[in-house]
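Colleague: Mind folding the following:
(4 chains)
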Protein chains: 2
Amino acid sequence: MPDTRRPTMKDVAALARVSLSTVSRVVNGDPGRPDLARRIQDAIDLLGYERDHTASTLRRADRASASIGLLVADVGNPFFAAVARGVEEIARERGSVTMVASSDEDPARERELAGAFAARRVDGLIVVPTDGVTAPARVPTVYVDRPPRHVDADTVLTDNAGGAHSAVAHLRSHGHRRIAFLGDRSTLHTAGERLRGYRSAGGDGQVIMDLDGSSAAFDAVTALLTGDEPPTALFTAQNLITAGAVRALRALGSQHRVALVGFDDLPLADALDPGLTVVAQQPVTLGRTAARLLFERVDGNAAAPRTEVVPTTLVVRGSGEIRPG
Amino acid sequence: MPDTRRPTMKDVAALARVSLSTVSRVVNGDPGRPDLARRIQDAIDLLGYERDHTASTLRRADRASASIGLLVADVGNPFFAAVARGVEEIARERGSVTMVASSDEDPARERELAGAFAARRVDGLIVVPTDGVTAPARVPTVYVDRPPRHVDADTVLTDNAGGAHSAVAHLRSHGHRRIAFLGDRSTLHTAGERLRGYRSAGGDGQVIMDLDGSSAAFDAVTALLTGDEPPTALFTAQNLITAGAVRALRALGSQHRVALVGFDDLPLADALDPGLTVVAQQPVTLGRTAARLLFERVDGNAAAPRTEVVPTTLVVRGSGEIRPG
DNA sequence: TTGTAGGCGTTATCAC
DNA sequence: GTGATAACGCCTACAA
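Modeller: Purely as a prediction, here's the structure:
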């Protein structure tokens, strides 16, 4: 391997026959004497010099690393991927890079990864908190999608209760009274809020919680519809649960008979038969909003913590407009 | 704001009444004298000291930052999100954090972001190259999903040609001869390879390329099926194109008459009517493999660049098994 | 305007 | 084994 050492400012200074500090100034945008600036630029090009941003952070007065950390449950999940996209957009506008990691809903891993980010001296953190007790952060932090427990900090949430309310009200306006609720882990804030919205809209049917993934939902829906007094409509309060319900209805041949509204949109939802009516979230907006709040803090805003709520949209496609038989 | 300064090793040393170097050694795992080690640990706990990983990187002999950069077309796209997930898994095993950014298929942005990562002194880079000329990297780099142009480096690819071949062979084995090909940007390596696979399996029907997104595909399929000598089967060579084709077939009421196989799987594909037969990729494996190759390079492997190919799977669900009418 | 010197938080090299 | 000291690459007073 040739693998020759990276050129440093010192090398540039030597080649341009100026002092180190002159190079530093020029690199940081000070025009300086035109002839020197040109010699320095030539030396930079010749050597292929690139400033070491980490070393610069160490010495600089503001100590800004121009990087932030994003801690989600799972980047591989399209919902969190969209959040990440929103965060990254705003970070990029600010010249910041985004470090991302997945907690897999494990509080211990969440702490470990937050520590790894802190050790890299990120300027701030955006966190989707697990349902353990959230450790108070040592850097500016914004929580997104779920509120932290026992911590008072900036938070960006979807209007979970409102979205669920609109879904159930929609079903009721189409004549349904026996509307079942199917939700995921009851310890999650989002699941609780969606149940609250269901109730507030008059939902008083069967409630099934703690469904873990699509096949659990498949089984639950199958049992529900083959049991006594089956519901005439379903409200599925999460992504994968909706997918399981769609499959179950299809397996029973009931997709045109039992109404269904899901929380969170899915690709191909419009191509199903019938089209899938959903409460759509805005994950990219969630991410953007969280990043904007974070950078306000990084810039020194010390006001009281705020909570922003991002609205949902009811997307009508057919499955939610079936009337009870 | 109180915003008191972060404690440093010096603070720990002072409180524990030992020298700075002793603290450094203990922090880095040297046992040392038990009584001193205990005093140091107590001081660390009391002050809430956390080592500054960036400063450590600056001075350390190996200069390893324990961070890598991941540059994809768009983290918000579920395919790349899954790649990111795979990369992050392996990085985490190694104690590395992953910085991620989206090029949006823009070569200029790709260069800019690669520069931002290099300035942060990442140990290596994983890149989904845009179709511009790839700039030779100054840090260990592995390319993923597409090969770089004019650069000889480690690359991890899906078996695009093989996957397309199996799709078309599958359709032919069900009696189809007029099989249309619908693809995206012809400058993309993946599109070309999939077309090559189509041809190698005997595909000689209408070829439509450069479709940009789902609605363009919708229009193309509609035109195709309402034109002269319509195909009896479609092979859609990308995600969004498949979605557009599904919608078009449904709008025409032809979903049970015209066969369809898509490249790349989609959520809910099994819940469609008929179920959607696809060539499934393994994006998480793509990411994991790329990360493993990268860390081998980071560890000093200087062998000739390798290309790894990740196989696809034909997932049979119904739409690809329709026989010509 | 430019150069000189000191220091950011840490690790590496020495004496002891 | 521990401790003093130089150095990593860079920025920032301050002096020239």
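Colleague: near chain B, which residues of the stretch 151-300 of chain A show up?
Modeller: Neighbours of chain B within the stretch 151-300 of chain A, by CB under 8 Å from any CB of the partner chain: A:243, A:246-247, A:250, A:266-273, A:284, A:300. Every C-beta, even on glycine, is put in place using the N, C-alpha and C of the backbone.
Colleague: Go ahead and build a PyMOL selection from the buried members of those.
Modeller: Applying 16 or more other CB atoms under 10 Å in any protein chain shown to those, the buried members can be selected in PyMOL as follows:
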select buried, chain A and resi 243+246+247+250+266+267+268+269+270+271+272+284
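Colleague: Which of the residues of the stretch 151-300 of chain A next to chain B sits closest to B:Ser96?
Modeller: Lowest distance from B:Ser96 to those (CB to CB) belongs to A:Val284, with 27.1 Å.
Colleague: Restricted to helices, list the residues of the stretch 151-300 of chain A next to chain B.
Modeller: Among these, the ones falling in helices (DSSP state H) are A:243, A:246-247, A:250, A:284.
Colleague: Farthest-apart pair in the residues you listed, please.
Modeller: A:Arg250 and A:Val284 (30.2 Å).
Colleague: okay, now the closest residue to A:Pro7 other than its chain neighbours: neighbour count?
Modeller: In space, and not counting its chain neighbours, A:Pro7 is closest to A:Leu47: 4.0 Å by CB to CB, 6 or more residues apart in numbering or on different chains. A:Leu47 has 16 neighbouring residues, counting by other CB atoms under 10 Å in any protein chain shown.
Colleague: Same question for A:Ile126.
Modeller: Considering only other CB under 10 Å, A:Ile126 is surrounded by 31 other residues.
Colleague: That one contacts A:Val87, correct?
Modeller: Yes. Using CB atoms under 8 Å, A:Ile126 is in contact with A:Val87, at 5.8 Å.
Colleague: got any residues that touch both of those two?
Modeller: A:68, A:70, A:287, A:290-291 (CB atoms under 8 Å, 6 or more residues apart in numbering or on different chains).
Colleague: Give me the local confidence score for the spatially most central residue of chain A.
Modeller: The structure's chain A has its C-alpha centroid closest to A:Val83; by CA atoms, centre = their mean the separation is 3.3 Å. The model reports A:Val83 with a pLDDT of 98.
Colleague: Would you mind listing the buried residues in the strand or helix carrying it?
Modeller: Using DSSP states H and E, A:Val83 sits within helix A:78-93. Within helix A:78-93, the residues that qualify as buried by neighbour count (16+ other CB under 10 Å) are A:78-92.
Colleague: any bit of it sitting next to chain B?
Modeller: Yes. Using CB under 8 Å from any CB, helix A:78-93 reaches chain B at A:78, A:80-82, A:84-85, A:88, A:92.
Colleague: Does DNA strand D have contacts with stretch A:50-67?
Modeller: Yes. Using CB under 7 Å from any atom of the strand, stretch A:50-67 reaches DNA strand D at A:51-52, A:55-56, A:58-62.
Colleague: ok, and of these, which contact DNA strand C?
Modeller: Near DNA strand C, by the rule CB under 7 Å from any atom of the strand, you find A:58-59 out of those.
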